[in-house]
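J.: Here is my input; please provide its structure:
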Amino acid sequence: ETQRTAKATAEASDGVLLIDDVEHVMEIFHEVAKGKSGHIDLNDFKGLIKRLCEEDKQPAPSDKDLEAAFGDADTDGGGAVCMEEFTDLYIKVKKGEVAGLGGGG
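T.: Sure thing, here's the model as predicted:
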């Protein structure tokens, strides 16, 4: 499975994310996904989002909102999220398009 580059992901975000932002998110994702074939499960996902919220000094979303977001991110329904699914969701969150996350209503 080929991964999108940080540059391509930043470009896909329509200016919402800088390359540095994307590289940082990818780095944390890789830490969390280490030894898990490049995918994270729901618990890993919750921990990852909470860590990013702490770094941004934002309140962590509720478990209910996190579970809904995980369902949105898991586009293939496999019960795990890959890097590309996660960065696609992160872009939506930063655009305010995900209810309960990142200021989305």
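J.: so who does the residue nearest the centre of the chain touch?
T.: With distances taken as C-alpha atoms, centre = their mean, residue 86 lies nearest the centre of the chain, 3.6 Å away. With contact taken as C-beta atoms under 8 Å, 6 or more residues apart in numbering, residue 86 is in contact with 25, 29, 40, 45, 48, 73. Bear in mind the C-beta positions are built from the backbone N, C-alpha and C, glycine included.
J.: Pretty sure it sits in a strand.
T.: No. Residue 86 is assigned helix when assessed by DSSP: H, G, I helix; E, B strand; the rest coil, not a strand.
J.: do you know how far it is from residue 41?
T.: Using C-beta to C-beta, to the nearest Å, we find residue 86 at a distance of 12 Å from residue 41.
J.: Would you reformat the contacts of residue 86 as a markdown table and include distance to residue 6 and neighbour count?
T.: Listed next are those as a markdown table, based on distance: C-beta to C-beta, whole Å; neighbours: other C-beta atoms under 10 Å:
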| residue | distance to residue 6 | neighbour count |
| --- | --- | --- |
| 25 | 9 | 21 |
| 29 | 11 | 23 |
| 40 | 18 | 22 |
| 45 | 20 | 24 |
| 48 | 17 | 21 |
| 73 | 18 | 23 |
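J.: so of the residues you listed, which ones are in helices?
T.: Mapping those onto helices (DSSP state H) picks out 25, 29, 45, 48, 73.
J.: What separation do you get for the fourth one and residue 87?
T.: Between residue 48 and residue 87 the distance is 12 Å, computed by C-beta to C-beta.
J.: can you check residue 37 too?
T.: The spacing between residue 37 and residue 87, counted by C-beta to C-beta, is 17 Å.
J.: neighbour count winner among these two?
T.: Neighbour comparison, residue 37 and residue 87: the larger count goes to residue 87, with 25 against 8 (by other C-beta atoms under 10 Å).
J.: list the contacts for that one?
T.: Counted by C-beta under 8 Å, 6+ apart, residue 87 has contacts 4, 9, 22, 25-26, 29.
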